[in-house]
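Q: I'd like to go over a predicted model; first the sequence, then the structure.
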Amino acid sequence: MSGRTVLVTGVSRDLGRACARSLAAEPGVDRVIGVDVMPPRGDIGDVHFVRADIRNPVIAKVIDREEVDTVVHMSVIATPGSAGGRGTMKELNVIGTMQLLAACQKAERVRQLVVKSTTTVYGASSRDPAMFTEEMEPRRPARSGYAKDVAEVEGYVRGFARRRPDVTVTLLRCANVIGPQVVSPLTSYLRLPVIPTVLGFDPRLQFLHESDLTRVLRHAVTTPVTGTFNVAGEGVMVLSQALRRLQRPTVSLPGFAVGALGPALRSARLADLSPELLAFLTFGRGVDTTRMRTRLGFEPAYSTAAAVAEFAATLPPTGGHADRLLAAVAEHLPEPGPERSGSRPVAVGGGRDG
């Protein structure tokens, strides 16, 4: 580990900053270079920040000038709003990754690449297996959105690994990350004062606690292993179990009605119910983490249930927001026809166990 210089992308976001700070505290790492287009919002400790856009070939000069030997790529983002729109998000995810890998390919000093990916790459559909292993493909390949970005990013990473067999390439497919500091489409959904669910479905969920994300990235850097690994906390929960622990009221709607809420929630900056998130909230997803434990040698400190419990403890009370959101939900429901008058497929539940 002596003499290592690590470059971390995406340090303007909380998870990227936490990863960079954690690596800077590692005894065998001499320097950590944090790269992003915007300065980090919080303290980055001993991390040296460089303002750079990975979509620009200038990133190659940064890698060369700083004599980087290890790259941790965390700039694949899931929320269009944080990037300025879907077009910019795709550029950051896909074009940014292409430029970064091109720079790494030319840099002879680079000997290790760690990429934070996501289990979203498997998609979510009614034809999915009980558990996805790393060799499996999605039953319905993504045609747009974040999932398609991730599939393209992983394709470029595999191409890089073929061209630079001397580089240890570790691809971490992380389950949905959850924690007090995490802002993502799923955590924004779970923070709603009233949680809309898809009527007739109770999807399986797996989570990775935010501290375990930092731990697995640090482990991957300090214990290099080539390969692709599913990363998730032990155990699976169904959505209804998670929502009872969050103690949030719920309203069950047909899938099309939940989808129709998306624009209203997005314009109110409450949540982003994208088609891929809606599919996940309908069918769920499970991944096998055997390889994570046996080959990568990593064990998360938090189970899925424990991660949900800590997240639930940080949620503020709903106050009067619940009534307002229920009113907004009602506005987006279809009017009942004459034959359905007095009957509407909606179920409202409380937020506590029992």
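A: Yep, it's here.
Q: Spell out which residues sit in contact with L192, please.
A: Counting by Cβ atoms under 8 Å, 6 or more residues apart in numbering, L192 touches R248, L265, L270, A271, L325. For every residue, glycine as well, the C-beta is placed using N, CA and C.
Q: would you turn these into TSV with secondary structure?
A: Below are those laid out as TSV (DSSP: H, G, I helix; E, B strand; the rest coil):
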residue	secondary structure
R248	coil
L265	helix
L270	coil
A271	coil
L325	helix
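Q: Check which strands are paired with the helix or strand encompassing V114 and give the direction for each one.
A: Per DSSP states H and E, V114 falls inside strand 112-118. Here strand 112-118 is paired, per DSSP bridges, with strand 70-73 (parallel), strand 168-174 (parallel).
Q: Just say which of those is most tucked in.
A: Ranked by mean neighbour count, the strands paired with strand 112-118 are led by strand 70-73 with a mean of 26 (mean count of other Cβ atoms under 10 Å).
Q: now that one, how far from the chain's geometric center?
A: 17 Å (Cα atoms, centre = their mean, to the nearest Å).
Q: And for stretch 287-300?
A: Counting by Cα atoms, centre = their mean, stretch 287-300 comes out at 18 Å from the chain centroid.
Q: What's the mean pLDDT across it?
A: Stretch 287-300 shows a mean pLDDT of 98.
Q: Could you list the buried residues of that stretch?
A: Neighbour-count burial for stretch 287-300, counted by 16 or more other Cβ atoms under 10 Å, picks out V287, T289, R291, M292, L296, F298, P300.
Q: I'd like the residues you listed as JSON lines, with distance to I54 and secondary structure appended.
A: Formatted as JSON lines, those follow (distance: Cβ to Cβ, whole Å; DSSP: H, G, I helix; E, B strand; the rest coil):
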{"residue": "V287", "distance to I54": "28", "secondary structure": "strand"}
{"residue": "T289", "distance to I54": "29", "secondary structure": "coil"}
{"residue": "R291", "distance to I54": "28", "secondary structure": "helix"}
{"residue": "M292", "distance to I54": "27", "secondary structure": "helix"}
{"residue": "L296", "distance to I54": "26", "secondary structure": "helix"}
{"residue": "F298", "distance to I54": "26", "secondary structure": "coil"}
{"residue": "P300", "distance to I54": "28", "secondary structure": "coil"}
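Q: Tell me what L7 is bridged to.
A: I33, V71.
Q: That one and R31 touch, don't they?
A: No. The pair L7 / R31 is not scored as a contact, 9.3 Å apart, by Cβ atoms under 8 Å.
Q: re earlier: pLDDT on the strand holding V114, on average?
A: Averaged across strand 112-118, the pLDDT comes to 97.
Q: Next: stretch 45-64.
A: Across stretch 45-64, the average pLDDT comes to 95.
Q: now the strands paired with strand 112-118 in a markdown table, with distance to G159 and mean pLDDT?
A: Listed next are the strands paired with strand 112-118 as a markdown table, based on distance: least, Cβ to Cβ, whole Å; pLDDT from 0 to 100:
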| stretch | distance to G159 | mean pLDDT |
| --- | --- | --- |
| strand 70-73 | 14 | 98 |
| strand 168-174 | 10 | 98 |
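Q: so which of those comes closest to L15?
A: L15 lies closest to strand 168-174 among the strands paired with strand 112-118, at 10.0 Å (Cβ to Cβ).
Q: For the closest one, give me every contacting residue.
A: Against strand 168-174 from outside (Cβ under 8 Å, 6+ apart): 111-119, 121-122, 134, 154, 157, 160-161, 208, 213, 216-217, 220, 224-232, 287, 296.
Q: Tell me how many other residues crowd S126.
A: Residues near S126, counting by other Cβ atoms under 10 Å, number 10.
Q: what pLDDT does S22 get?
A: 95.
Q: what helix or strand does it sit in?
A: Using DSSP H and E, S22 falls in helix 14-24.
Q: Who are the packing partners of that helix?
A: Helix 14-24 sits against strand 4-9, strand 29-36, helix 210-222, with contacts defined as 3 or more Cβ pairs under 8 Å, 6 or more residues apart in numbering; DSSP states H and E.
Q: Looking at the contacts of L192, which two lie furthest apart in space?
A: Spanning the widest gap among the contacts of L192 are R248 and L265, at 14.6 Å by Cβ to Cβ.
Q: For stretch 46-66, list every residue counted as buried.
A: V47, F49, V50, A52, D53, I54, R55, I59, A60, V62, I63, E66.
Q: Return that stretch as CSV; C-alpha atoms alone will do.
A: Coordinates of each C-alpha in stretch 46-66 appear next as CSV, following Å, rounded to 0.1, in the frame of the first residue of the first chain:
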residue,chain,number,x,y,z
ASP,A,46,-6.9,15.7,4.0
VAL,A,47,-8.4,15.2,0.6
HIS,A,48,-6.9,17.4,-2.1
PHE,A,49,-9.7,18.8,-4.3
VAL,A,50,-9.3,19.4,-8.0
ARG,A,51,-12.1,21.1,-9.9
ALA,A,52,-12.3,19.1,-13.1
ASP,A,53,-15.0,17.8,-15.4
ILE,A,54,-14.5,14.1,-16.2
ARG,A,55,-16.4,14.7,-19.5
ASN,A,56,-13.4,16.7,-20.6
PRO,A,57,-10.1,15.1,-21.8
VAL,A,58,-8.3,17.4,-19.2
ILE,A,59,-9.0,14.6,-16.7
ALA,A,60,-6.1,12.7,-18.3
LYS,A,61,-3.8,15.6,-17.4
VAL,A,62,-4.9,15.5,-13.8
ILE,A,63,-4.3,11.7,-13.6
ASP,A,64,-0.8,12.2,-15.1
ARG,A,65,0.2,15.3,-13.1
GLU,A,66,-0.9,13.8,-9.8
